[in-house]
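# the following block contains a protein sequence and its predicted model.
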Amino acid sequence: MRHQLPIGLDQLSESELLAKLDPDLLPKHVAVIMDGNGRWAEMRGLPRIEGHREGIHSVREVISLCLELGIGALTIYAFSQENWNRPRHEINALMSLLEHYLSTERSGLIEQQVQFRAIGRLDLLPPSAQHWVRTTERETAHLDKLILTVALSYGGRSEIVDAVKSLVAAVKAGAVQIDQIDEPLFAQYLSTYPLPDPDLLIRTSGETRISNFLLWQVAYTELCFTSTLWPDFRRRQFLLALLEYQRRERRFGRVLSAISSSA
Ligand code: IPE
Ligand code: IPE
Ligand code: MG
């Protein structure tokens, strides 16, 4: 008699995957390192920017699934401080794409009740990109179904250094006493405040590194690395990552029995 092979999750349809999700175990905050756009384009003999353009469809799908599932915060890494070292023409193309995305997508974000926030050294962006970032932030500031944070010209170490500078200034001004400084207080000086730390961080494209993203915030985040390139990371792949997250046992340094008894 033949043994029945267990059906792999990747053989299930999108609705079957959705049905497998436990609504009580969803992450509250998902962070994503959207990587692999260039390779996606190069594999097709296209200029790298076509991969970045295609990646916007993935951003839309991930946002809409967060909204459907009630995931309240999504933070996406769109441009790192280190990305300023790319060729000028690629940087220019990325900045134009950002401006195009914000100017065309803004009304859709408002309709879907998405609050847009940007983190990073935004003053380094071209003035026109800064304009669209500020406009989108202002026009969506009152919305709260999903907090979409886009990391632009962002580096985790700079963020920590900037937080230290602000905290030192607060101490000098007498607003904070040195003895009051602890982890929750320090976190208030980070650009992600008041978001909770990410429960899940996804990185696409097969790279297994953090690349200077949310260094403080990912201390206890579940990491999910997938070889899928960002432009191919759609609803299905996001559902698979969420199911993988739900299979993990989050211990936070404790033993399992202590977690269940304190829950
Ligand atoms: C990620 O895709 C997007 C940005 C870093 C702006 P890449 O452009 O890094 O794509 P690969 O890693 O070269 O394939
Ligand atoms: C990380 O991707 C930054 C973004 C996704 C915006 P990179 O492609 O720049 O990272 P490395 O160079 O592979 O570490
Ligand atoms: Mg890359």
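Nice, thanks for sending it over. Numbering: from 1, shown residues only. Ligands and ions are numbered 1, 2, ... in the order given.
# count the neighbours of R86 for me.
Counted with other C-beta atoms under 10 Å, the neighbours of R86 add up to 16. To be clear about C-beta, it is placed using only N, CA and C from the backbone, and glycine gets the same treatment.
# swap in H57?
Residues near H57, counting by other C-beta under 10 Å, number 13.
# go on, R236?
Neighbour tally, R236, other C-beta under 10 Å: 19.
# now it. Its backbone dihedrals?
phi -60, psi -50 (degrees, to the nearest 10).
# my read: it touches L17, true?
Yes: between R236 and L17 there is a contact at 6.8 Å, judged by C-beta atoms under 8 Å.
# now I202: which helix or strand?
Using DSSP states H and E, the element containing I202 is strand 200-203.
# so what secondary structure elements neighbour that strand?
Helices and strands touching strand 200-203, as assessed by 3 or more C-beta pairs under 8 Å, 6 or more residues apart in numbering; DSSP states H and E, comprise strand 29-33, strand 222-225, helix 235-247.
# could you rerun that using 6 Å?
The helices and strands touching strand 200-203, judged by 3 or more C-beta pairs under 6 Å, 6 or more residues apart in numbering; DSSP states H and E, are strand 29-33, strand 222-225.
# look at Y193 and give its secondary structure.
Secondary structure, DSSP: H, G, I helix; E, B strand; the rest coil: Y193 is coil.
# distance from the helix or strand encompassing E137 to the middle of the chain?
Assigned by DSSP H and E, E137 belongs to helix 127-140. Centroid separation between helix 127-140 and its chain, computed with C-alpha atoms, centre = their mean, to the nearest Å, is 19 Å.
# now it: buried residues?
Buried positions in helix 127-140, judged by neighbour count with 16 or more other C-beta atoms under 10 Å: 129-130, 132-133, 136-137, 140.
# take these and write them to a markdown table, including pLDDT and distance to L201.
Shown next, in a markdown table, are these (pLDDT from 0 to 100; distance: C-beta to C-beta, whole Å):
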| residue | pLDDT | distance to L201 |
| --- | --- | --- |
| A129 | 97 | 25 |
| Q130 | 98 | 27 |
| W132 | 97 | 27 |
| V133 | 98 | 23 |
| T136 | 98 | 24 |
| E137 | 98 | 23 |
| T140 | 98 | 24 |
